[in-house]
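Asker: I'll drop the sequence and a predicted model, then ask my questions.
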Amino acid sequence: MNPNRKLIFGAASILVLLLIALTVRLLVPYDFESAIYTNPIKSDNDAQLTKSNKPALTPPAPSATVPPENKAKMVVFPQEGIPVLMYHSIKTLPGNSLGVPVKQFTEEMAWLCRQGYHSISPDDLYESLINQGLVPEKPILLTFDDGYSDNYSSAWPILRQYGFRATFFIITNSTGRGMMNWDQLSDLSKQGNTVASHTVHHLDLSKLSESQQEREMTVSKLEIESHLGVGVQSLCFPSGKYNKTTLALMPKAGYKLGFTTKPGKVYLGDNLLTLNRERIYGSMPMASFQWLFP
């Protein structure tokens, strides 16, 4: 072949290759943050193909299958009442029935899930009681008193596994030191749980003066609201103790709901400031737990 022709042919070939490379580069978008090329062409199942040396992320293992709360059938306030369960520590405490062993608590939450119960918040309960707001079918309010650290480390993972949320009544002067700290409480709140008042020092309100009661209620409420940025409208009476002065002060302090230790469900027409709860104690037989529900 003529040397000039060889030179021309070679130059033309290089030019063609450059044009092809430039065309491909323009057609394939570039991810500047991860420095990878992404092919926009999709397969039949619309999965986007990616060319990368990064290892694929493994999705987390699914938790227990539970019906999502937002898809639950919504109903009016049930005539059979709404159960409000009262827990304390989720831990084996020898000689102390306030401690519910993790195994027992897990079995109880698993049973509630299988029965189709849906957890609600105090706000949900209030709206249903006052404004005839709808609640999920088979509603239940799960409450924890005092704010033990195992509520976060043991109870919350189990609650989350079975699709439940809960209300944690905390003693604001006892955060940390074996109790939940503000970071943990903030995390619970951000994940859809409710943090409410169990007063500042867990004192018998019925034995305090009016000014002392007012301080226990207002300071605890303000502390929670300040730390977590949430409104607090529910109060749980320490040891279930209160008097007429307590009930008169509650609305002034901004509380709409009060929770006692008196057994029973919550029904339409109940006094909003003295709502019943069912205490769950350690070593409670499963048959006794199930008997609490219609």
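Answerer: Everything's here; your move. Numbering: from 1, shown residues only.
Asker: Now stretch 212-225: buried residues?
Answerer: Of the residues in stretch 212-225, those with enough neighbours to count as buried (16 or more other CB atoms under 10 Å) are 213, 214, 215, 216, 217, 218, 219, 220, 221, 223, 224. Where C-beta positions appear, they are placed from N, C-alpha and C, glycine not excepted.
Asker: sorry, that was for stretch 110-119
Answerer: 112, 113, 117, 118, 119.
Asker: Helices of the stretch 151-294 of the chain, start to end?
Answerer: With DSSP state H, counting those that start in this stretch as the criterion, the stretch 151-294 of the chain has helices at 156-161, 182-190, 210-228, 244-253, 286-291.
Asker: Buried residues, the fourth one. List them.
Answerer: What that stands for is helix 244-253. Of the residues in helix 244-253, those scored as buried under the neighbour-count criterion (16+ other CB under 10 Å) are 246, 249, 250, 253.
Asker: Put together a markdown table for the buried residues of stretch 212-225, with pLDDT and distance to residue 78 on each row.
Answerer: Written out in a markdown table, the entries for these read as follows (pLDDT from 0 to 100; distance: CB to CB, whole Å):
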| residue | pLDDT | distance to residue 78 |
| --- | --- | --- |
| 213 | 98 | 34 |
| 214 | 98 | 36 |
| 215 | 98 | 38 |
| 216 | 98 | 34 |
| 217 | 98 | 31 |
| 218 | 98 | 34 |
| 219 | 98 | 36 |
| 220 | 98 | 31 |
| 221 | 98 | 30 |
| 223 | 98 | 35 |
| 224 | 98 | 30 |
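Asker: what are the bridge partners for residue 279, then?
Answerer: Beta-bridge pairing of residue 279 under DSSP bridges involves residue 86.
Asker: Poorly predicted segments of the stretch 101-250 of the chain, please.
Answerer: Applying pLDDT under 70 to the stretch 101-250 of the chain flags no residue at all.
Asker: can you map out the strands along it?
Answerer: Per DSSP state E, counting those that start in this stretch, the stretch 101-250 of the chain carries strands over the ranges 118-119, 135-136, 139-146, 167-170, 194-197, 234-236.
Asker: Quick one: neighbours of the closest residue to residue 167 other than its chain neighbours, just the number.
Answerer: Residue nearest to residue 167 in three dimensions, not counting chain neighbours: residue 194, with 4.2 Å by CB to CB, 6 or more residues apart in numbering. As a burial measure, residue 194 scores 23 neighbours (other CB atoms under 10 Å).
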